[in-house]
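Participant: pasted the sequence and its predicted model underneath.
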Amino acid sequence: MAEERKAVSLTENDYFSDIEIAWCPGCGNFGILKAVKQALVDLQLPPQKVLFVSGIGQAGKFPHYLKCNMLNELHGRSLPAAAAAKIVNPELTVIAEGGDGDGYGEGGNHYLHAMLRNVDFTYLVHNNQVYALTKGQTSPTSDQGFVSKTTPNGAHEALNPLAVAIATNASFVARGYAGDIPQLSRIIGAAIQHKGFALVDILQPCVSFNHINTYQFFQERVYKVEDEVGYDSADRLKAFEKALEWGDKIPTGILYKVERPVFEDSLWQADGIPLVKRKLNPQIAVHLMKELI
Amino acid sequence: MAEERKAVSLTENDYFSDIEIAWCPGCGNFGILKAVKQALVDLQLPPQKVLFVSGIGQAGKFPHYLKCNMLNELHGRSLPAAAAAKIVNPELTVIAEGGDGDGYGEGGNHYLHAMLRNVDFTYLVHNNQVYALTKGQTSPTSDQGFVSKTTPNGAHEALNPLAVAIATNASFVARGYAGDIPQLSRIIGAAIQHKGFALVDILQPCVSFNHINTYQFFQERVYKVEDEVGYDSADRLKAFEKALEWGDKIPTGILYKVERPVFEDSLWQADGIPLVKRKLNPQIAVHLMKELI
Amino acid sequence: MLDLNILVGGEAGQGIQTIGFVLGKVLVRSGLQVFADQDYESRIRGGHNFFRVRASDRAVRAQSEKVDILVALDSRTVKLHKNELKENGLVILDKQALGSDFAGLQILDIPLEKLAVESAGDKITANSVAAGAVLGLIGGDPEVLFKVLAAQFAKNNENVRAENLNAARSGYDYTAQRRPAGFIKLAQGEKAGPNMFLSGNEALSMGAVAGGCKFVSAYPMTPVTSILEYLAGRAKECEMVVIQPEDEISAINMVVGAAYTGARAMTVTSGSGYALMVEGIGLAGITETPAVIVLGQRPGPAVGLPTRTEQGELLFAIRSGTGESPRVVLAPADVEDAFYLTIKALNLAEQYQIPVIILTDTHLANSMTDTPEFDLSQVKIERGFLLADKEVSLLTNYQRFAISESGVSPRALPGQGQVMVAADSDEHDESGHLTEKAEIRHRQNAKRLKKYEGLRKEISPPRFIKRRGAVVTLIGWGSTYGAIAEASGLLLEQGIINNVLHISEIWPFPAEFVSEALQLTVKSVVIESNATGQLAYLIRAETGLSVSGQVNRWDGRPISASFILDQLKKGIIENGRRA
Amino acid sequence: MLDLNILVGGEAGQGIQTIGFVLGKVLVRSGLQVFADQDYESRIRGGHNFFRVRASDRAVRAQSEKVDILVALDSRTVKLHKNELKENGLVILDKQALGSDFAGLQILDIPLEKLAVESAGDKITANSVAAGAVLGLIGGDPEVLFKVLAAQFAKNNENVRAENLNAARSGYDYTAQRRPAGFIKLAQGEKAGPNMFLSGNEALSMGAVAGGCKFVSAYPMTPVTSILEYLAGRAKECEMVVIQPEDEISAINMVVGAAYTGARAMTVTSGSGYALMVEGIGLAGITETPAVIVLGQRPGPAVGLPTRTEQGELLFAIRSGTGESPRVVLAPADVEDAFYLTIKALNLAEQYQIPVIILTDTHLANSMTDTPEFDLSQVKIERGFLLADKEVSLLTNYQRFAISESGVSPRALPGQGQVMVAADSDEHDESGHLTEKAEIRHRQNAKRLKKYEGLRKEISPPRFIKRRGAVVTLIGWGSTYGAIAEASGLLLEQGIINNVLHISEIWPFPAEFVSEALQLTVKSVVIESNATGQLAYLIRAETGLSVSGQVNRWDGRPISASFILDQLKKGIIENGRRA
Ligand SMILES: Cc1ncc(C[n+]2csc(CCOP(=O)(O)OP(=O)(O)O)c2C)c(N)n1
Ligand SMILES: Cc1ncc(C[n+]2csc(CCOP(=O)(O)OP(=O)(O)O)c2C)c(N)n1
Ligand code: SF4
Ligand code: SF4
Ligand SMILES: [Mg+2]
Ligand SMILES: [Mg+2]
């Protein structure tokens, strides 16, 4: 039957979820949802083989709105769970996902170390530069000076998630924009196909709480690195320089990409049988007892 | 009496602690202890005005071996406590301190955000590239391929703490070497004098558990950026490039330095009276009640 | 007796809260006692939210499910709440917007948007129209409404203010002319020296300010975010530093750092965030650092129901922490408690150099009550064994953790005079330096636990309503007090004489008092917003006594008097135990 | 009865552990029963460490403070331990290195370094000399020693192996010729099919392997680091993935991710790390994900005494977590328990889809006992309601959280066939999608808690030694079993008839059994390595019964039979309660 399915090609409808969407009308998250579906269609990945692991926030609700396997994790904790899921069942396409507060605030340590560890999965950050679900507090990526109820005198220096990623030698570092679905879906597709940890930071306008970084703001600023003649995403220094651009011009696209051993390679699982498919056999402990005599 | 004290100049003896030192003979930590004392003498900072906040690990024991105020925090948690201490009493010289596991592993999220927040204190990381107190496990900075009981097949990509620091636009980013006490004490002195968060990552040979990154290893590799003609520690891109060097040559010194508003500036404490010296007066709530009528 | 209930319902983003809040405030100003609560979802637009305002000429301290006026901003509101209408209950809605398919209901149709546009030129003022409409319906004093609205829009520009006043007036006029005969009619005029109208979170925040809290670090989390925002917005006037850190672990460790250095410090969080702070609570325990942690409970486990209420973390609050060291848990019953117990928490934390947990919940956090201004002259700042500069200057060999009769040691601050202050998360000797010695460990651990002796005396006895001839004792803790007290009154009216025992200062547990109180009646029922009966468990652990029945609610909705009575009818009192 | 006690002491880094371990193993091979424990500081070089080996022809399952042979590698060892010597106790030391100021002691002077250099050419083999010397002194079989040493150095090159054998032989010969008359003399020869000699941590690790654990993520922390290292070193042969993540939060969330995906998963930690995992335990609770968490207790709060032992986190383990959801807490008594209860933990976690906590401590973790090989044929892997591929293929409308009688729902895995598996940290409906509905919340929360009904039946009754005419019951839990059983025997010899009640499967609490057992004697004493008496508290909470006395130790040192007897003499049994 699985064979049969494969023959029929998947369309966006195959990812349709009938859960009511609780986002505000106009939210950038709709663009991301659309782009993800397109990428999955492009790659013809059956929803049964896709696992989304999300955090908590507006972004964290995402997998409910897509037909797929899903583990809605704690706030900030999607990455460790996603890594483990991929390790124990490499046959799944694993995509972690969440907001900027979730990923770069609460989850900052996992973000750093997921990039170093380089397990083969994709991480989509809905970066609206604000804590939306909790109603508009400053986030790690809020622009410096951003005024909210928790920073009435303005936010301090913002985290530059791409610069940090490149500093950790993350193996795939990209920025998408929720207002450019074709490019975003291409980036997501490339991220999924990349062997290793792939970070896609997505500029996502929040129409309710971020009145600075709006669609208009981005529309006036974004440009694609792929349109830049000679841009070499393998050049770490250039990529770092590019990542520092945030002002009149904001680069999007795959800023940095490098082939690095994935974490799984350092494990013993050479025979390719996923851990979840192994028989549990107590006799495996026999020789351990012998050691102790 | 405080006045009197000031007149007499402080010597290393003024920082002598009579607690028995529990480090192994030959440990790089002795060099760091010496360098810290020298820096404090150079700056003539009375021990009563110095607060060390440390984590847990061999490095975390440090403040016991120095005469000073000290808060020995949890594993990985020195930075938030140090920031708060400085904010509530800016008259103290606050120095946070701990190991690489403590600071970049358990405490990785605080490390990221302390650099962004830029409260005015110094952070000394005793980077021996191993978890020493727990007897030799791999740490976030263990060189790729490092074999320990927890990574029998070798460690994955190491964290480059200086590159990440520069990526966050940390305002003072330096590397010292426990085997070069004069330079290290100069760096620490500059870090203390720097207004803002100052990271000093210190190469610290662990003679018991790290047989790769030994004194000899470093002796053959370290060189000082200050000896390099034209090195400009204000140039972020150059500093990043420098930070990526780790191989036959390992740069030490102040790699990056930038003037940035400190976090305290965003607070209201303009009158300069430290929070700890303010009277606690319930009447301050009177007008709040009026609002609610 | 007047018992007026208004429910305003609609989607998130329709401004329901404003209508409800303004009405509540007008009713308070009109001299009534008011209780208001809200129910909302974890989303910003859409879904279904509501705000309930209850007013009476007697004390009301809990919500009621029976509605006099249902203000429906969408048709879902009608569907979901029509069964809550009292017999003469009225629905206010805009038929033009919602349609007219409301058979069997008493509808007052009002063109909210149209009136908004006509009177104020902007349909955004439909809120104010609705507020005016409700007031017109109950014959309230429009001048009071205008004052309240003017204050509400004080920070907006004059046009906006004027528009809203006009809108409110048009709503008022519309319904004032269409009042059903015999409908509730309020007295006119404004009460002199009116009460405050405030939420539990506001009261708690004010307690922090009055109690000398100087440092707050907290990560946003429902239901305590509004404390963080309240204080951040007033930091300067309150001489406080308020920080939103990267996570809750940072928050609690900042609190320890600030408190060690000498500032009264506090953090606020909910279950998941509190869980992340548990390691830090152990740290405060062994370093004997004063720390106040507000734990705003919501239904768990984990993320659970983010915007609803529960009392599911009592035993967690008491038992969470590495090793063994003393703590206090205070669970405010109402806004007054929220204010005074926060001050007590800040005092006890410093007097005993321990962590103190304020255990509140969504229900108390968000519900609003009228109350007279707090008496700040009653507030005393007690810093315990914190040494004055002069005392410090006389010290020769300072020992931060000197063994003492009370378990509390003299506390100096870093930078204070010539002493040096050492505090260690490892076991340490009297000087604060780490030790591995068995005898020292034995003594230091015993010293810390010794504090419980003093603490037991600090705990005020529970609220106790004791009636001659009582057959049953109603028992509760924290935010359910209003509902339980109301249920007690209703039972009394039914001839069931009952006592009420309600615990706010819950740890160390007032075992003796509870034990004696329980023995006065044959039956006893513990009423809690949780599934497992945590107070009932605690009572047994602490007194050896088992209660005879339990009323529990764990669907995230607050307990009301009628809920209690329904449950009791289902057999608890009669059968001793629920089926 | 033979009761031989050897204590080897010196600085960290002197190889004390090797001497002790090798001796212990030789004694086991010689057919004796052996218990060994160690005491070390949180440092790598210097300080004072010791290793105790106790051997008997009867069962020994706890340490004793009375020493026959004190092997002193530094003079501090003599100073600290001379009072522990039995009347005929002997000190082995190298006077050349340590001086000769040991008046009043029976010394056997042996030139350890000199013999090492002479026999093996390297003073680093002084350890082996010392091991040989001890064996010579007690007249053990040198061939057994050589075999054990050869195995110990199996991974080293042949030279090293030969050197150590030579060194051991020279030590053996030296003392064999100098045995004090009448000193303990062992039988020669090796037992056929000897027992294993292993620590609690090794047993637990093997339990994880035999129990089908496939995924371990853990951050180093004393006393559980050696579990992590044991498994990491054998990951391939055990078909397991073992990860050292950035922190404990990552560890527990990896465990949840792995378990959700279908692998049996476990983490190990100590108090501080466990505190950081508490949020994740709530997550496992609401997502109904099987997770095994090993909590190795050490003295707290916070960092406390990192290398010592305590039982201070029983109530924390039971009560830590957001909201309310079921869990199991198992506290192994000894190495056998450590093995079998780990398997039981892995089974229960999957059968009930819940977190299971294994509550061990430093004492059990590090102490070593001889025990026959575990019977792997007894081990059953029970995966509960985990669906087979075939069952999944027949599903039409899969509901991960379907309401069921037992509270357990059918569990499919992501990627298994055509179903999709949704799990949410928010409250959710049967399909796993988030909901805000009161009724659904009510039902799902009740469903989860329903599991306690089944779980109560899974808990095996406590160990109970019941004697006719008993006047007192000795009660304990976890790692103190050996000491309590020994104390029981000694009391019996003194004519005090006693029962022993010892609980390993502690939550859900076997209340009925304990209640009945307690009522058999007038007096009862709870013996615990903590200051506040957590089991005593739990007994009261669960049974309403108060015990009549408590023996507590909280200085980080393990409880022994003689400690218990001393404390009892101090008045517990006589007075019903301690002063
Ligand atoms: C441990 C913990 N802390 C805090 C929260 C409350 N919380 C829920 S969502 C959120 C912020 C979400 O911001 P972000 O991740 O940027 O997502 P967005 O809503 O903007 O998409 C917070 C703080 C939580 N659920 N858990
Ligand atoms: C929460 C927590 N996890 C783990 C530990 C155990 N622990 C103590 S020190 C240490 C590692 C120390 O390594 P590092 O910070 O590099 O310091 P070093 O000993 O190398 O100086 C660990 C894991 C702890 N104390 N607390
Ligand atoms: S609040 Fe912002 S992020 Fe959330 S749904 Fe609305 S627009 Fe989107
Ligand atoms: S183990 Fe390493 S880091 Fe620790 S004291 Fe010894 S040499 Fe120094
Ligand atoms: Mg966001
Ligand atoms: Mg280290």
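Facilitator: Happy to help now that I have it. Ligands and ions are numbered 1, 2, ... in the order given.
Participant: by proximity to ligand 3, which residue of the stretch 151-293 of chain A wins?
Facilitator: Here the stretch 151-293 of chain A gets closest to ligand 3 at one residue, A:C206, 3.2 Å apart by CB to the nearest ligand atom. Where C-beta positions appear, they are placed from N, C-alpha and C, glycine not excepted.
Participant: that residue: what's it in contact with?
Facilitator: Counting by CB atoms under 8 Å, 6 or more residues apart in numbering or on different chains, A:C206 touches A:27-28, A:58, A:128-130, A:132.
Participant: swap in C:S406?
Facilitator: Here C:S406 is in contact with C:450-451, C:453-454 (CB under 8 Å, 6+ apart).
Participant: pull the most distant pair out of those residues.
Facilitator: By the measure CB to CB, C:K450 and C:G454 form the most distant pair in those, at 8.0 Å.
Participant: now do the shared contacts for the two.
Facilitator: Taking CB under 8 Å, 6+ apart as the criterion, C:K450 and C:G454 both touch C:406-407.
Participant: sorry, back to before: pLDDT value on the nearest residue to the residue of the stretch 151-293 of chain A closest to ligand 3 once chain neighbours are set aside, please?
Facilitator: Nearest non-adjacent residue to A:C206, counting by CB to CB, 6 or more residues apart in numbering or on different chains: A:N128, 3.8 Å away. pLDDT, A:N128: 98.
Participant: ditto for C:N88
Facilitator: So, for C:N88, pLDDT stands at 89.
Participant: now it: which helix or strand?
Facilitator: Under the criterion of DSSP states H and E, C:N88 resides in strand C:85-93.
Participant: show me what counts as buried in that strand.
Facilitator: Of all the residues in strand C:85-93, those buried under the rule 16 or more other CB atoms under 10 Å in any protein chain shown are C:85, C:89-93.
Participant: other SSEs contacting that strand?
Facilitator: Where contact means 3 or more CB pairs under 8 Å, 6 or more residues apart in numbering or on different chains; DSSP states H and E, strand C:85-93 is packed against strand C:67-72, helix C:75-81, strand C:107-109, helix C:126-137.
Participant: now the ones you listed in TSV, with distance to B:L112, mean pLDDT and mean neighbour count?
Facilitator: Formatted as TSV, the helices and strands packed on strand C:85-93 follow (distance: least, CB to CB, whole Å; pLDDT from 0 to 100; neighbours: other CB atoms under 10 Å in any protein chain shown):
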stretch	distance to B:L112	mean pLDDT	mean neighbour count
strand C:67-72	48	97	26
helix C:75-81	44	96	18
strand C:107-109	57	95	18
helix C:126-137	42	96	29
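Participant: just how off-centre is the strand or helix carrying A:L112 within its chain?
Facilitator: Following DSSP H and E, the helix or strand that holds A:L112 is helix A:108-117. How far helix A:108-117 lies from its chain's middle: 12 Å, per CA atoms, centre = their mean, to the nearest Å.
Participant: pull up the residues of chain A that are close to chain C.
Facilitator: Within reach of chain C by CB under 8 Å from any CB of the partner chain, chain A has these residues: A:22-25, A:56, A:58, A:72, A:74-76, A:105-106, A:108, A:131-135, A:137-138, A:140, A:149-152, A:208-209.
Participant: mind checking the end-to-end distance for stretch A:47-57?
Facilitator: 23 Å (CA to CA, to the nearest Å).
Participant: nearest residue to the closest residue to chain D within the stretch 51-200 of chain A in space, please, no chain neighbours.
Facilitator: When scored by CB to the nearest CB, the stretch 51-200 of chain A has A:A81 as its residue closest to chain D, at 3.0 Å. Closest residue in space to A:A81, ignoring its immediate chain neighbours: D:G257 at 3.0 Å, by CB to CB, 6+ apart.
Participant: where does whichever residue of the stretch 451-579 of chain C sits closest to chain A land in three-state SS?
Facilitator: When scored by CB to the nearest CB, the stretch 451-579 of chain C has C:G556 as its residue closest to chain A, at 16.9 Å. Following DSSP: H, G, I helix; E, B strand; the rest coil, we place C:G556 in the coil state.
Participant: show the contacting residues for it.
Facilitator: Counted by CB under 8 Å, 6+ apart, C:G556 has contacts C:298-299, C:304-305, C:308-310, D:427, D:438, D:441.
Participant: apart from its chain neighbours, what residue comes closest to the residue of the stretch 151-300 of chain C found nearest ligand 3?
Facilitator: Nearest to ligand 3 in the stretch 151-300 of chain C, going by CB to the nearest ligand atom, is C:P220, at a distance of 13.5 Å. Of all residues not flanking C:P220 in the chain, A:T134 sits nearest, at 4.3 Å (CB to CB, 6+ apart).
Participant: out of the contacts of A:C206, which comes closest to B:I166?
Facilitator: A:Q129 (22.0 Å).
Participant: just put the buried residues of strand C:85-93 in a markdown table and tack on distance to D:L2.
Facilitator: A markdown table is the format used below for the buried residues of strand C:85-93 (distance: CB to CB, whole Å):
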| residue | distance to D:L2 |
| --- | --- |
| C:L85 | 86 |
| C:G89 | 88 |
| C:L90 | 93 |
| C:V91 | 90 |
| C:I92 | 92 |
| C:L93 | 92 |
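Participant: tell me how many other residues surround the residue of the stretch 101-250 of chain A at minimum distance from ligand 5.
Facilitator: Residue nearest to ligand 5 within the stretch 101-250 of chain A: A:N128 (4.3 Å; CB to the ion). A:N128 has 30 neighbouring residues, counting by other CB atoms under 10 Å in any protein chain shown.
Participant: surely it touches A:D100?
Facilitator: Yes. Because the distance of 6.5 Å satisfies CB atoms under 8 Å, A:N128 is recorded as touching A:D100.
Participant: next, show the common contact partners of these two.
Facilitator: Joint contacts of A:N128 and A:D100 (CB under 8 Å, 6+ apart) are A:S139.
Participant: can the contacts of C:G556 go into CSV with extra columns for neighbour count, distance to C:A154 and secondary structure?
Facilitator: Compiled in CSV, the contacts of C:G556 are given as follows (neighbours: other CB atoms under 10 Å in any protein chain shown; distance: CB to CB, whole Å; DSSP: H, G, I helix; E, B strand; the rest coil):
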residue, neighbour count, distance to C:A154, secondary structure
C:R298, 28, 32, coil
C:P299, 32, 36, coil
C:G304, 27, 37, strand
C:L305, 27, 35, coil
C:R308, 26, 32, coil
C:T309, 30, 31, coil
C:E310, 29, 36, coil
D:E427, 27, 39, coil
D:A438, 16, 38, helix
D:R441, 23, 40, helix
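Participant: show me which pair in the residues you listed is furthest apart.
Facilitator: Using CB to CB, those span at most 13.9 Å, a distance reached by C:R298 and D:A438.
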